[in-house]
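Trainee: Sequence isn't available, so here's the structure alone:
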């Protein structure tokens, strides 16, 4: 059996600790851009990365990594395959994002990206991406779990008896704050 040197032990130990911390925090590492952008059919890799960056800025959630936002781009790509007007809208929109600061949108700082998005927020492109993301992101059960949303209450009797009064983060109100039922 090979005896580990102190330096090797410390290096390998640090990797194990980092891996365990990432696993415990629920963070998943997304493979390189090539792996998911290669499967895009109507959009190229740059357009996919730009739409991903835009999606992260439109509805930012620090606890969500790229793997939760990639389906937004994939849904836009799927629509662009079937609708030429959507493909053209996305192509022109990404080109406009890249031209407004004289640099590629993905290379801008987060503050600069937000500034660029404010300049295009009334465009059809912005509205298209935002509306698609509302459905793609917030209709994803994995996202619900990460954000702490338990899902629909209707199947378990509605919110009146399940969730309506679940304010664990607030102190109980005084009795005088709630009128008594008649």
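Mentor: It's in. Predicted model only: the values in this text are computed from it and were never measured.

Trainee: who touches the residue most central in space within the chain in this structure?
Mentor: Relative to the mean C-alpha position of the chain, the nearest C-alpha, by C-alpha atoms, centre = their mean, is the one of residue 69, at 3.8 Å. Applying C-beta atoms under 8 Å, 6 or more residues apart in numbering to residue 69 gives the contacts 52, 55-56, 137. Yep, even glycine has a C-beta here, placed from its N, CA and C like the rest.

Trainee: Now name the helix or strand holding it.
Mentor: In the assignment (DSSP states H and E), residue 69 maps to helix 66-82.

Trainee: again, but for residue 92
Mentor: For residue 92, the enclosing helix or strand under DSSP H and E is helix 84-99.

Trainee: So which elements touch that helix?
Mentor: Using 3 or more C-beta pairs under 8 Å, 6 or more residues apart in numbering; DSSP states H and E as the contact criterion, the elements in contact with helix 84-99 are helix 45-58, helix 66-82, helix 110-120, helix 124-138.

Trainee: May I see these arranged in CSV, with mean pLDDT as well?
Mentor: CSV is the format used below for those (pLDDT from 0 to 100):
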stretch, mean pLDDT
helix 45-58, 98
helix 66-82, 98
helix 110-120, 98
helix 124-138, 98
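
Trainee: Let me have the ones you listed in JSON lines, adding distance to residue 181 as columns.
Mentor: Shown next, in JSON lines, are the helices and strands packed on helix 84-99 (distance: least, C-beta to C-beta, whole Å):
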{"stretch": "helix 45-58", "distance to residue 181": "43"}
{"stretch": "helix 66-82", "distance to residue 181": "43"}
{"stretch": "helix 110-120", "distance to residue 181": "48"}
{"stretch": "helix 124-138", "distance to residue 181": "35"}
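
Trainee: Show me the one of these that comes nearest residue 180.
Mentor: helix 124-138 (37.7 Å; C-beta to C-beta).
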